[in-house]
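Q: Just the structure for this:
(one chain, ligands or ions: 2)
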Amino acid sequence: MTHSSTNAKTTSFRPIIGIDLGTTNTAAAYIYKQSPRMIQLKNGEHMMPSVVLLDPSDKVIVGDDARSALVAMPNRTKAAVKREMGEETLISLGEKSFTPEEISAFILKEIKRVADKQLGEGEKEAVITVPAYFTNQQRQATKKAGELAGFVVERIINEPTAAALAYGMQNLEENSHIIVYDLGGGTFDVSVVEMMDGILEVKASAGNNQLGGEDFDWLVVDWLSEKMIASTQIDPREDIRSKARLKEEAEKIKEKLSYEDTVNIAVPVVTVKNNSPIGLDATLNRDEFVKLIEPLLLETEEKLRQVLSDANLKATDIDEVLLVGGSTRIPQVHQLITSFFQKAPKKDVNPDEAVALGAAVQAGLKSGALSNSGLIVTDVAPFSMGIAVLDNMRSRAKPGAFHAIIPRNTTIPVTRTESFTTSEDNQTAVSIEIYQGENDWVKNNYFLNEFILEGLPAKRAGEEAVDVTFRYNLNGILEVTAKSASTGNEMSVTIEDAIDRSSEQAFQDSMTKVEAAYEVEDQDLAEELNLFDFTEDVPGESEEPLEELITDAKEWKKRFSKELHNCDGVSKEELEQVMMLIESALNSNDPALLNKAIERSIDLAIDLEI
Ligand code: ADP
Ligand code: MG
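A: Numbering: from 1, shown residues only. Ligands and ions are numbered 1, 2, ... in the order given. Okay, here's the model as predicted:
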């Protein structure tokens, strides 16, 4: 699995980065001078949309531009591919089709390209995060995506663990129980993390990998559609483009409602009927919005109860609550947390960056770049793992009962051995069927693998013992061994690799396909990152320079206003000054002034490292 490297640079530490491969957004970080730092993506942004576009010339485009194409080219774009990770499905982009791993690999390739430019070319290791509730198969698919993108994937870690790690770096002295409540675009995860003298241990995790901001958007889309049906009898959801347009609108409305009580909606064209445009005018207020999403928020509360009970803790035992993920900006989430725990959530971790920063910390611990940090991490098994046994509880033994050898939430890495006996007279072989899941019956759980241990001495039922050992490591790799107690004969299987060895050729084909589709002309770093001369790589610049400038200036303003609460003193004053400059440039509509404001913005962003 490790690539042979003939031209790797000799540095004291192999560059290793942490990646938050999110449903909605992807971000990455690395260790610089003993602390984690975000990698600057396009326009100096710290995250990029996890959206892939195959443009009409069959060129792969990732990030903001792909996201902008969601409405115009819905059949050529793919968003939220993370929800399909681990599934055997094909996603069409234009005339071509890709697996979820291949699509994710495009996203990761974009990260790798920027990382190569910022940290130097050459082999790179990566730690990639996944929701705690990802199954083994989903984790393996994520690992494979990383390898297809050209990374050496060192470790797959849980997102809440990563968030807690980012927090652990700043607060090493504390001894506490922390809740990480991560509500992103597509997934919800909650974990209890215990921190003792720099040792972080995830005590329990729960969540729902089908619950997030996207669902809130669709609830708003439904609300908007009902409004349109009431006034025009047209359901805009029936047309794929109108639906996509409404979704985009819904997200904006939702985000605004985090800062404002009421949002006035005026979309001139949602759809077209008999050649005339049909628009939408409506007003949505925060209370109505909260009512729409309340059932989903209550579900997150239910998971909070579950995770506390799994960890044997009460709400009052929790010292801090960390909010992670863009959707935790919704004020109602703060209220839910505050009333549930009777204390306000912590504000000193940036909800967009915590996971990537924590993944970088994990990466740093791994590479040695952070060896003096005093941090140690342990994690838990996200699901139970065990074997099929006879159910002996009833009068007649019934096959197919699930016996967990590593129960869910066991601290990992872990090795557990249990002894089983033969169930029939003269039985000389046992079949070890390995499953993961929480159901009492294997048929309702997820099948992982099976093997047969032969050569047992023929004895009476129950007289021959077989020891079954499960070893589960931090990468989510499970090794199962069965050993005859009397002969010492043993057999093992390892349930691990993204790359199923039997399909090495398939992996190579996939890699070739990803590389062929993802071709990027090599550009200068400054142009590429849009950091220094942002107009250079805008195609057709001479046609619409002003509009581009305005968009950029607005982006900077948005970014700075997000940063304001993280700053104080001189930095805050500087930020406010530059924001005023942007404001007046925007009011003037003067390209020269806009240019100047943007240059100042870039300088400041570099100065303040934001
Ligand atoms: P993921 O972990 O799934 O990649 P993120 O943590 O980046 O997702 O969160 C993205 C989600 O956060 C999106 O659904 C987005 O609409 C939502 N979001 C971002 N800002 C806000 C806001 N101010 N109010 C409400 N939701 C927001
Ligand atoms: Mg996330």
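
Q: what's around Ser307, how many residues?
A: Check again: residue 307 is Val, not Ser. 25 (other C-beta atoms under 10 Å). Heads up, the C-betas are built off the backbone N, CA and C, glycines and all.

Q: Let me fix that, I meant to ask about Pro591.
A: 15.

Q: wait, it sits on Ile550?
A: No - with contact defined as C-beta atoms under 8 Å, Pro591 does not reach Ile550; the gap is 9.4 Å.

Q: so what sits against both of the two?
A: The contact sets of Pro591 and Ile550 do not overlap (C-beta atoms under 8 Å, 6 or more residues apart in numbering).

Q: Please identify the helix or strand for Ala592.
A: Using DSSP states H and E, Ala592 maps to helix 591-608.

Q: List the contacts of that helix.
A: Under the criterion C-beta under 8 Å, 6+ apart, residues 44, 531-532, 534, 545-546, 549-550, 552-553, 556, 559-560, 563, 567, 571, 574-575, 578, 581-582, 584-586, 588 lie in contact with helix 591-608.

Q: now stretch 434-454
A: So stretch 434-454 is contacted by 135-137, 383-388, 400-402, 408, 428-433, 466, 478, 480, 482-484, 489-491, 493, 495 (C-beta under 8 Å, 6+ apart).

Q: Flag every buried residue along it.
A: 434-437, 442, 445, 448, 451, 453 (16 or more other C-beta atoms under 10 Å).

Q: Of all pairs in those, which one is the farthest apart?
A: The span of the buried residues of stretch 434-454, defined through C-beta to C-beta, is set by Gly437 and Leu453 at 22.8 Å.

Q: Remind me which helix or strand whichever residue of the stretch 451-600 of the chain sits closest to ligand 1 belongs to.
A: Proximity of the stretch 451-600 of the chain to ligand 1 (C-beta to the nearest ligand atom) peaks at Lys562, 9.0 Å away. Assigned by DSSP H and E, Lys562 belongs to helix 545-563.

Q: Show me what the helix or strand that that helix is followed by is packed against.
A: As assigned by DSSP H and E, the chain's next helix or strand after helix 545-563 is helix 569-588. Packing partners of helix 569-588 (3 or more C-beta pairs under 8 Å, 6 or more residues apart in numbering; DSSP states H and E): helix 545-563, helix 591-608.

Q: State the mean pLDDT of helix 569-588.
A: Mean pLDDT, helix 569-588: 81.

Q: Using PDB, write out every CA atom in it.
A: Extracted as PDB, the C-alpha positions of helix 569-588 are listed here (Å, rounded to 0.1, in the frame of the first residue of the first chain):
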ATOM      1  CA  GLY A 569      -7.300  44.700  20.000                       C
ATOM      2  CA  VAL A 570      -5.300  45.900  17.000                       C
ATOM      3  CA  SER A 571      -6.300  43.000  14.800                       C
ATOM      4  CA  LYS A 572      -9.900  43.700  15.300                       C
ATOM      5  CA  GLU A 573      -9.400  47.400  14.500                       C
ATOM      6  CA  GLU A 574      -7.500  46.500  11.400                       C
ATOM      7  CA  LEU A 575     -10.200  44.200  10.300                       C
ATOM      8  CA  GLU A 576     -12.900  46.800  10.800                       C
ATOM      9  CA  GLN A 577     -10.900  49.400   8.900                       C
ATOM     10  CA  VAL A 578     -10.400  47.100   5.900                       C
ATOM     11  CA  MET A 579     -14.100  46.100   6.000                       C
ATOM     12  CA  MET A 580     -15.000  49.800   5.800                       C
ATOM     13  CA  LEU A 581     -12.700  50.200   2.900                       C
ATOM     14  CA  ILE A 582     -14.400  47.300   1.100                       C
ATOM     15  CA  GLU A 583     -17.800  48.800   2.000                       C
ATOM     16  CA  SER A 584     -17.000  52.100   0.400                       C
ATOM     17  CA  ALA A 585     -15.300  50.500  -2.600                       C
ATOM     18  CA  LEU A 586     -18.500  48.500  -3.100                       C
ATOM     19  CA  ASN A 587     -20.600  51.600  -2.900                       C
ATOM     20  CA  SER A 588     -18.400  53.400  -5.400                       C
END
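
Q: Lys459 touches Ser423, doesn't it?
A: No - applying C-beta under 8 Å, one finds Lys459 not in contact with Ser423, separated by 11.9 Å.

Q: Tell me the buried residues in the lengthiest helix in the chain?
A: Determined from DSSP state H, the single longest helix within the chain is helix 286-310. For helix 286-310, the neighbour count (16+ other C-beta under 10 Å) marks 286, 289, 292-293, 296-297, 300, 303-304, 307-308, 310 as buried.

Q: before we move on, what about stretch 46-65?
A: Quick answer for stretch 46-65 (16+ other C-beta under 10 Å): 46-55, 60-64.

Q: picking that back up, looking at the contacts of stretch 434-454, which are in strands?
A: If you go by DSSP state E, the contacts of stretch 434-454 have 385-388, 400-402, 430-433, 466, 478, 480, 482-484, 490-491, 493, 495 in strands.

Q: so who does Lys483 touch?
A: 453, 466-469, 489-490.

Q: of all these, which comes closest to ligand 2?
A: Closest approach between the contacts of Lys483 and ligand 2, by C-beta to the ion: Thr469, at 34.9 Å.

Q: Could you pull up the residues touching the residue in the stretch 251-400 of the chain that ligand 2 sits nearest to?
A: Taking C-beta to the ion, ligand 2 has its nearest neighbour within the stretch 251-400 of the chain at Gly325, 5.0 Å off. Going by C-beta under 8 Å, 6+ apart, Gly325 touches 182-185, 212-213, 351.

Q: Burial check on the closest residue to Ser588 other than its chain neighbours, number of neighbours?
A: Closest residue to Ser588 apart from its sequence neighbours, by C-beta to C-beta, 6 or more residues apart in numbering: Leu594 at 7.8 Å. Residues near Leu594, counting by other C-beta under 10 Å, number 22.

Q: Quick check: Leu594 vs ligand 2, distance?
A: According to C-beta to the ion, to the nearest Å, Leu594 stands 33 Å off from ligand 2.

Q: Under the pLDDT cut-off, which ranges of the stretch 1-150 of the chain? List them.
A: Scanning the stretch 1-150 of the chain for pLDDT under 70 picks out the ranges 1-14.

Q: Quick check: residues of it near ligand 1?
A: Within reach of ligand 1 by C-beta under 6 Å from any ligand atom, the stretch 1-150 of the chain has these residues: 22-25.

Q: if we go to 8 Å?
A: Proximity of the stretch 1-150 of the chain to ligand 1 is confined to 20, 22-27, 47, 50, 80, 82 under the rule C-beta under 8 Å from any ligand atom.
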